[in-house]
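A.B. asks: Dropping the sequence and predicted coords here.
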Amino acid sequence: MLISDFNYNLPNELIARHPTSDRRDSRFLVVEDNISDRRFVDLPNLIRPNDLFVFNDTRVIKARLSARKDTGGKVEILIERITNSSSALVHLKSNKSPKLGINLILEDDVKAKILSRKKDLFELQFTTDIASFIEVHGKVPLPPYIDRSADISDDDRYQTVYAGDPGAIAAPTAGLHFDNKMLEEIKGAGANLSWLTLHVGAGTFQSLREEQIRDNKLHSERVEVSEECCKAVNKAKSSGGRIIAVGTTSVRALECASKNGMMKSFSGETDMFIYPGYNFQTVDAMITNFHLPKSSLLMLVAAFAGKNRILDAYKHAVSEKYRFFSYGDAMFLTPENT
């Protein structure tokens with residue numbers, strides 16, 4: 001199977017560069033036996049008794065920083081992972097690749113020394129507490145296709161209302177549609193809620209390099225699936241409820257913690273790459289945004305709902321002028337042949 005099998009034409013004007021004025025004010029493409037155009041506020045009407053919604057509660061950090069070299073050259077820092085209070089693995093962008101051992105100079109005369117390089121990532125040692133510094137001086141790392149600088153509104157809107165553990169550099173965007181009122185409404189419709197954590201990394205935006213899908217490997221991301229979440233999943237399954245994953249990150253976290261159809265707590269790293277041919281263990285339905293052509297996330301949803309079914313749905317969404325990607329509209333997916 002080839003990456004080019006997952007291409008589609010998307011007019012540039014359909015890429016959402018700003019969020020809607022209200023979180024729940026999105027269109028909602030429901031892909032079940034048929035494709036239907038709905039609004040996200042209709043979600044409670046799709047719920048069955050004992051359904052369980054599983055959310056990713058990662059919090060996006062202000063991971064984008066501006067710096068300069070001793071020589072004056074500009075450097076953009078994108079933090080991938082904070083390893084301790086003053087060290088981080090980062091992506092660096094500059095005209096010339098910075099040399100090991102030099103100091104990068106940031107605001108408030110904070111310095112970050114380049115200690116080492118590990119493939120695409122540099123290890124930096126800061127002269128201050130990183131978490132406190134980025135909260136003041138960092139910017140929300142909007143995806144490149146949004147094609148604008150982050151503003152103050154993104155601090156709130158590029159974050160889910162239930163965000164908890166900080167560590168992601170990209171939002172679990174399916175969750176951006178939920179406000180607190182919607183969470184209460186889906187509970188009122190008979191569903192239960194549970195939480196896990198997958199800290200989304202920059203790899204989610206990187207293109208796959210090998211044309212043969214099976215020859216590609218994803219970047220590793222940190223995952224935490226608690227015993228409480230596992231019990232909620234197993235209880236819902238035994239009660240006849242569906243496991244509804246909110247976002248592809250929740251799908252990957254659930255599936256990496258699944259063994260023979262049962263959940264076991266998991267804490268560690270995952271580079272799980274789900275593409276057509278994968279046999280899903282746990283997830284019964286999915287809420288997701290629209291994904292980039294030829295991306296690993298598009299392959300994941302195609303694995304779940306069927307390649308032709310997904311590409312037909314995307315073609316419909318383009319013709320009906322849905323909004324695409326992180327700040328765009330949402331989909332509700334069920335497996336093929338259900």
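C.D. replies: Perfect, thanks for sending it.

A.B. asks: Name the single longest strand found in this structure.
C.D. replies: strand 74-84 (DSSP state E).

A.B. asks: Please identify the buried residues of it?
C.D. replies: Within strand 74-84, the residues scored as buried using 16 or more other CB atoms under 10 Å are 75, 77-82. In this view, the C-beta of every residue, glycine as well, is placed from N, C-alpha and C.

A.B. asks: the domain parsing of the protein - what is it?
C.D. replies: Domain assignment for the chain, taken from automatic domain parsing, gives 3-60+154-333, 64-138.

A.B. asks: Could you name the helices and strands sitting against the longest strand of the chain?
C.D. replies: strand 64-68, strand 87-93, strand 121-126, helix 130-137 (3 or more CB pairs under 8 Å, 6 or more residues apart in numbering; DSSP states H and E).

A.B. asks: which residues touch the longest one?
C.D. replies: Where contact means CB atoms under 8 Å, 6 or more residues apart in numbering, the residues beyond helix 130-137 that reach it are 61-63, 65, 79, 82, 85-88, 106-108, 110, 126, 166.

A.B. asks: Closest one to Leu43 out of these, please.
C.D. replies: The closest of these to Leu43 turns out to be Pro166 (CB to CB; 27.3 Å).

A.B. asks: tally of neighbours for the closest one?
C.D. replies: 16 (other CB atoms under 10 Å).

A.B. asks: Next, count neighbours for the closest residue in space to it that isn't next to it in sequence.
C.D. replies: Excluding the flanking residues, the one nearest Pro166 by CB to CB, 6 or more residues apart in numbering is Arg59, at 4.2 Å. Other residues near Arg59 come to 16 when the count uses other CB under 10 Å.

A.B. asks: Quick check: beta-bridge partners of Ile114?
C.D. replies: Beta-bridge pairing of Ile114 under DSSP bridges involves Leu124.

A.B. asks: returning to what we had before: can you show me the CA trace of the longest strand of the chain as PDB?
C.D. replies: C-alpha atoms of strand 74-84 as PDB (Å, rounded to 0.1, in the frame of the first residue of the first chain):
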ATOM      1  CA  LYS A  74      18.200  34.400  14.600                       C
ATOM      2  CA  VAL A  75      17.200  30.900  15.800                       C
ATOM      3  CA  GLU A  76      13.700  29.600  16.400                       C
ATOM      4  CA  ILE A  77      13.400  27.000  19.200                       C
ATOM      5  CA  LEU A  78      10.500  24.500  19.300                       C
ATOM      6  CA  ILE A  79      10.600  22.400  22.400                       C
ATOM      7  CA  GLU A  80       9.800  18.800  21.800                       C
ATOM      8  CA  ARG A  81      10.200  17.500  25.400                       C
ATOM      9  CA  ILE A  82      11.300  19.000  28.700                       C
ATOM     10  CA  THR A  83      13.600  16.400  30.200                       C
ATOM     11  CA  ASN A  84      14.200  18.100  33.600                       C
END
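
A.B. asks: which outside residues touch it?
C.D. replies: So strand 74-84 is contacted by 61, 63-69, 88-95, 98, 104, 106, 112, 121, 123-124, 130-131, 134, 138, 141, 167, 169, 199, 201-202, 222 (CB under 8 Å, 6+ apart).

A.B. asks: ok, back up a step: Tyr145 is nearest to which of the domains of the chain?
C.D. replies: It's domain 3-60+154-333; of the domains of the chain, that one is closest to Tyr145 (CB to CB) at 5.7 Å.

A.B. asks: Endpoint to endpoint, the closest one covers what distance?
C.D. replies: 22 Å (CA to CA, to the nearest Å).

A.B. asks: what ranges do the helices span in the protein?
C.D. replies: 130-137, 154-157, 180-188, 227-238, 248-256, 296-305, 307-319 (DSSP state H).

A.B. asks: Now do the same contact list for the nearest residue to Asp154 once chain neighbours are set aside.
C.D. replies: With CB to CB, 6+ apart as the criterion, Asp154 has its nearest non-adjacent residue at 4.5 Å, and that residue is Val140. Val140 makes contact with 60, 62, 64, 150, 154-155, 158 under the criterion CB under 8 Å, 6+ apart.

A.B. asks: 10 Å instead?
C.D. replies: Applying CB atoms under 10 Å, 6 or more residues apart in numbering to Val140 gives the contacts 60-64, 149-159, 169, 171.

A.B. asks: How about Ala202?
C.D. replies: 63, 78-81, 90-91, 120-121, 141, 143-144, 169-170, 219.
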